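A.B. asks: Compute the structure for the input listed below.
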Amino acid sequence: MLKVLTLFSLVLILFSCKTPGTVFSKKTAHEQYADKLTSTGLNATALGKKWFEVGNKAVINAIAIQLPYQETGYFSSEFPGATALSFSAKRGERLIITVQKTPASNYLFFGDLFQQQNTNTRYLQSIDTLTNLLEFNVKENTSFVLRLQPELLQSCSYTLSIKTGPSLAFPAPSPNAKNKVISYWGAGRDNGARKHEGIDIGGSRGTPLLAVGEGVVSSVTENNLGGKVVFIRSNSSNETWYYAHLDSQIAINGQRVKTGDVIGLMGNTGNARTTSPHLHFGIYTMGGAVDPFPYVNPIKAEPAAITASRNSLGTTMRITKPTTQVLLTPGTLPGEKAGDNLPVRIVAATGNMYKVTLPGGEIRFIAASNLDPLDKKLRQTKLKAAAVLTDAPQPGAPVIASLKEGNSVDVLASFGNYQYVAAENKKGWIVQPATN
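C.D. replies: Numbering: from 1, shown residues only. The predicted structure is shown next:
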């Protein structure tokens, strides 16, 4: 306890002063905090080493999820913790990441987004500590890793939400039954001779067509394929937005437009003259056309509500049935069979599941309905021989207490040749099976 208090005092001293030059540093807040731990020697302490270790391992072993996603998790001050999630997003989507933490202030909580490139990761952006928000426009189809980690000696809970939205506005008035996408990227054209390089949005003749972002009108012209067309060069990217089959063009060459400015009216000119009025909308880059749907997709999916009880966060629970599925990712089947009476530590809740730490340290997902609290013992037994109570079911684990032969212990759970027991007002693992 004295060592912990000493470390806590050092941490308080460390962050009561500002480090010169950090205002102009390009390092992330997480890196700056790591530098301060190192400069004061805290990185050489057991807790300091663990903080670095769990942060690095979390990124390497990030848990795969599907978007949209949300979880409520808990970090204990008793030992350093971190969590990381990996997920994919499409070019043109906007990642919208929010974290609400409790307590809300007076400590450091780091949320960092990385791009995953094979086995490497590249830092992209951090969650804003004032707004608790991170928004990022996806530039290519790729995978990401998001890491969450609090400072040392801080207990806190958080609710994380990760979802996607469009990075551009919809090119027609608010999407409804009339103004909706009627044909998608890649659909066959000219009896399969070519593929559709855009999306078609249906509507009534004369429907106003809108600028999807800020840019400059680079061309207002007419051709046999697209009929009356308008090209707009984006201000923020090397992309050009293409509007085709217009009934009339309102924008003019060189005009600067803002999001929502009317640039023309819907029609069916060009090779669409035999079809009902619609807008062909495309996006072109230096490498050619790209699928515009993720850029303007009006459907904003929300993550599933969390129904698993938050009251169990940070506690250890027991699996009730040996047939319980232990999953690598939430919602995936089949999984591994858990085994009977296995204890797991609850680190987060998502949907109707818990994210748990198994006795071996692996992170898995288990349906909340398959877990029971440990307040009800399996049985009470007496030790045939002296034993040591440790904090983990593995050789060399730190010893909590020494138990004498004949001591009574309450068996709460089991894992391999170890049993999780309560004895002398303490809980821990014994390697010797408890027998009557």
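A.B. asks: what mean pLDDT would you report for the helix or strand hosting residue 110?
C.D. replies: Using DSSP states H and E, residue 110 sits in strand 109-117. In this model, strand 109-117 has a mean pLDDT of 95.
A.B. asks: ditto for stretch 328-336
C.D. replies: Mean per-residue pLDDT for stretch 328-336: 77.
A.B. asks: ditto for stretch 375-382
C.D. replies: Here the average pLDDT along stretch 375-382 is 88.
A.B. asks: Stretch 186-197 too?
C.D. replies: Stretch 186-197 shows an average pLDDT of 69 in the prediction.
A.B. asks: Neighbours of residue 281, how many?
C.D. replies: 25 (other Cβ atoms under 10 Å). Yep, even glycine has a C-beta here, placed from its N, CA and C like the rest.
A.B. asks: ugh, wrong one, residue 250
C.D. replies: Residue 250: 16 surrounding residues under other Cβ under 10 Å.
A.B. asks: That one and residue 228: what is the separation?
C.D. replies: Between residue 250 and residue 228 the computed distance is 11 Å (Cβ to Cβ, to the nearest Å).
A.B. asks: Bridge partners for the residue lying closest to residue 81 once chain neighbours are set aside, pull those for me.
C.D. replies: What sits nearest to residue 81 in space, not counting adjacent residues and going by Cβ to Cβ, 6 or more residues apart in numbering, is residue 75, at 4.4 Å. Taking DSSP bridges, one obtains residue 156 as the residues bridged to residue 75.
A.B. asks: just checking, residue 75 touches residue 153?
C.D. replies: No. If you go by Cβ atoms under 8 Å, residue 75 and residue 153 don't touch, sitting 10.5 Å apart.
A.B. asks: So which of the two has more stuff around it?
C.D. replies: Of the pair residue 75 and residue 153, residue 75 is the one with more neighbours under other Cβ under 10 Å, namely 25 against 18.
A.B. asks: Okay, buried residues for the strand holding residue 110 please.
C.D. replies: Residues of strand 109-117 classed as buried under the neighbour-count rule (16 or more other Cβ atoms under 10 Å) are 109-116.
A.B. asks: Show residues contacting that strand.
C.D. replies: With contact meaning Cβ atoms under 8 Å, 6 or more residues apart in numbering, strand 109-117 is reached by 28-30, 33, 59, 62, 86, 95, 97, 99, 101, 121-127, 129, 134, 136, 142-151, 154, 156, 158.
A.B. asks: Which single one of the buried residues of strand 109-117 is nearest to residue 305?
C.D. replies: Residue 305 lies nearest to residue 111 out of the buried residues of strand 109-117, by Cβ to Cβ, at 21.9 Å.
A.B. asks: Run through the residues that contact residue 364.
C.D. replies: Residue 364 touches 326-328, 335-336, 344, 355-356, 358, counting by Cβ under 8 Å, 6+ apart.
A.B. asks: Find residues that contact each of residue 250 and residue 228.
C.D. replies: Contact with both residue 250 and residue 228 is made by residues residue 264, according to Cβ under 8 Å, 6+ apart.
A.B. asks: so where do the helices sit in the stretch 151-300 of the chain?
C.D. replies: For the stretch 151-300 of the chain, the helices defined by DSSP state H, counting those that start in this stretch cover 293-296.
A.B. asks: Any stretches of it with poor pLDDT?
C.D. replies: Within the stretch 151-300 of the chain, the stretches with pLDDT under 70 are 177, 188-194.
A.B. asks: For it, which segments count as strands?
C.D. replies: Assignment of strands within the stretch 151-300 of the chain using DSSP state E, counting those that start in this stretch yields the ranges 156-166, 181-183, 188-189, 194-195, 199-202, 208-210, 215-223, 227-234, 240-249, 256-257, 262-266, 278-285, 288-290.
A.B. asks: for those, which one sits closest to residue 350?
C.D. replies: Short answer: strand 156-166, nearest of the strands of the stretch 151-300 of the chain by Cβ to Cβ, at 9.1 Å.
A.B. asks: so what does the closest one touch, helix or strand wise?
C.D. replies: Secondary-structure packing of strand 156-166 (3 or more Cβ pairs under 8 Å, 6 or more residues apart in numbering; DSSP states H and E): strand 69-75, strand 83-89, strand 93-102, strand 142-150, helix 293-296.
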